[in-house]
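[1] Have a look at this prediction, sequence included:
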Amino acid sequence: MVESDGKKRSGVLPDCIEMTEAEPGFTTEINRRSGVNVSLCWQCKTCSGGCPFAEAMDYHPNQIIRLVQLGVKKAALTSSAIWICVGCHTCSTACPQAIDMSAVMDALRQTAIREGAAIAEPHIHDFHKEVVNSIHRYGRTHKLEIMLRYNLARRDPFADFNLGLRMLQKRKLDLLPSKVRRVPDIRKLFKKGKAASHAG
């Protein structure tokens, strides 16, 4: 049963979706941002059946597509599913309509951030920001710094201490960051992306 107040759901759409919640143009906006025509979805549930993270989601991938098809913007943008999706493309490779579900999820995340929607999984969003900031600084990720900054922001600096030690022992973490040769060029790409985002 889906709770109408937006609390954690069990991966089941409500028996009746109030179409008064539908916003004209939302489907078109997500189609444009993702480059995907969500109307092609048959609701065969192949994506949800193969998704390794479906059980952790409030809405399964096919249900997210359905919300977008119906234009139910608030439920789609405030769902945990769009943040839990890791873009592994397990769903897309099995989809009989070749729908790029990862692109749809990415478009929903971008729209949620841009419109100030309530982020269902703020820790995941914060981690994403640390990864992007690392790329902006060095042109690549520095895993140790990402972990430290993320855990400091959560006020739990030693959360991954044991894991970090094991990774250091196996040479999976570098103590010092390495930079690409042309970091300014990477930062130019960030500026272009930001300008395109504001324009689009």
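    That came through, no problem.

[2] domain assignment for the chain?
    Following automatic domain parsing, the chain resolves into domains at 19-114, 122-187.

[3] Quick check: mean pLDDT of the first one?
    In this model, domain 19-114 carries a mean pLDDT of 93.

[4] Look up the closest residue to residue 22, ignoring the ones flanking it.
    Once flanking residues are discounted, residue 22 sits nearest to residue 71: 3.9 Å by Cβ to Cβ, 6 or more residues apart in numbering. In this view, the C-beta of every residue, glycine as well, is placed from N, C-alpha and C.

[5] Burial check on that neighbour, number of neighbours?
    18 (other Cβ atoms under 10 Å).

[6] Assess the claim that it and residue 31 are in contact.
    No - under the criterion of Cβ atoms under 8 Å, residue 71 makes no contact with residue 31, lying 11.3 Å away.

[7] before we move on, back to that, quick one, which of the domains of the chain gets closest to residue 196.
    domain 19-114 (11.0 Å; Cβ to Cβ).

[8] Quick one: distance of the closest one to the chain centre.
    Distance of domain 19-114 from its chain centroid, counting by Cα atoms, centre = their mean, to the nearest Å, is 10 Å.

[9] Would you enumerate the residues in contact with the residue most central in space within the chain?
    The centroid of the chain falls nearest to residue 83 when counting by Cα atoms, centre = their mean (3.8 Å). With contacts defined as Cβ atoms under 8 Å, 6 or more residues apart in numbering, residue 83 is in contact with 109, 119-121, 124-125.
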